[in-house]
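*Asks:* What would the 3D arrangement of this be:
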Amino acid sequence: MIEKTDAVENLEEILEVEGVDMIQLGPSDYSVTRGLLANPAQPEIERVRKHVNATAIKMGVRPRAEIFDFEEAKPYMDEGVIDFCIGWDTRTVVDYCKRQGDELAKLLNI
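*Replies:* Just a heads-up that it's a prediction; the model follows:
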């Protein structure tokens, strides 16, 4: 996980470590280390994300992107990213439970 400013600044050295075959930028954690209030949608985070992924691909290390659903994959794929984590623990569970509850409420007419 590339989550700190030091990791981005030393990215090439990290990617040269034997055995490192995949990396992932942690945009929320990185944004916190930059004082950006856990907002991964900020322009700086997007710039860093592209830099991290492009550098990894250039150096033969596969970057992985964390997305919530498949529609988010295309921009990454356009940049050469082909590894994805779709959904994540608590969000996946919360969304599933919410959908089930909403649908049950419709059946019960409440």
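*Asks:* longest single helix anywhere in this structure?
*Replies:* helix 89-107 (DSSP state H).
*Asks:* what's the helix or strand of the chain with the lowest mean pLDDT packed up against?
*Replies:* Across the helices and strands of the chain, the lowest-confidence element by mean pLDDT, DSSP states H and E is helix 27-33, at a mean of 87. The contact analysis (3 or more CB pairs under 8 Å, 6 or more residues apart in numbering; DSSP states H and E) places helix 27-33 against helix 5-9, helix 43-58. Yep, even glycine has a C-beta here, placed from its N, CA and C like the rest.
*Asks:* and the lengthiest strand in the chain with helix 43-58, angle?
*Replies:* Taking DSSP state E as the assignment, the strand of the chain that covers the most residues is strand 62-67. Going by axes from the mean of the first three to the mean of the last three CA atoms, to 10 degrees, strand 62-67 is angled at 140 degrees with respect to helix 43-58.
*Asks:* Run me through the strand neighbours of strand 62-67, direction for each.
*Replies:* strand 22-23 (parallel), strand 83-86 (parallel) (DSSP bridges).
*Asks:* Could you export it as CSV, CA atoms only?
*Replies:* C-alpha atoms of strand 62-67 as CSV (Å, rounded to 0.1, in the frame of the first residue of the first chain):
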residue,chain,number,x,y,z
ARG,A,62,1.2,-4.3,-11.4
PRO,A,63,-0.8,-1.5,-9.8
ARG,A,64,-4.2,-2.5,-8.3
ALA,A,65,-7.1,-0.1,-8.1
GLU,A,66,-9.9,-0.2,-5.5
ILE,A,67,-13.3,0.4,-7.0
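*Asks:* Go through the following helix or strand past it and flag the buried ones.
*Replies:* Downstream of strand 62-67, the first helix or strand assigned by DSSP states H and E is helix 73-78. Going by neighbour count (16 or more other CB atoms under 10 Å), the buried part of helix 73-78 is Tyr76.
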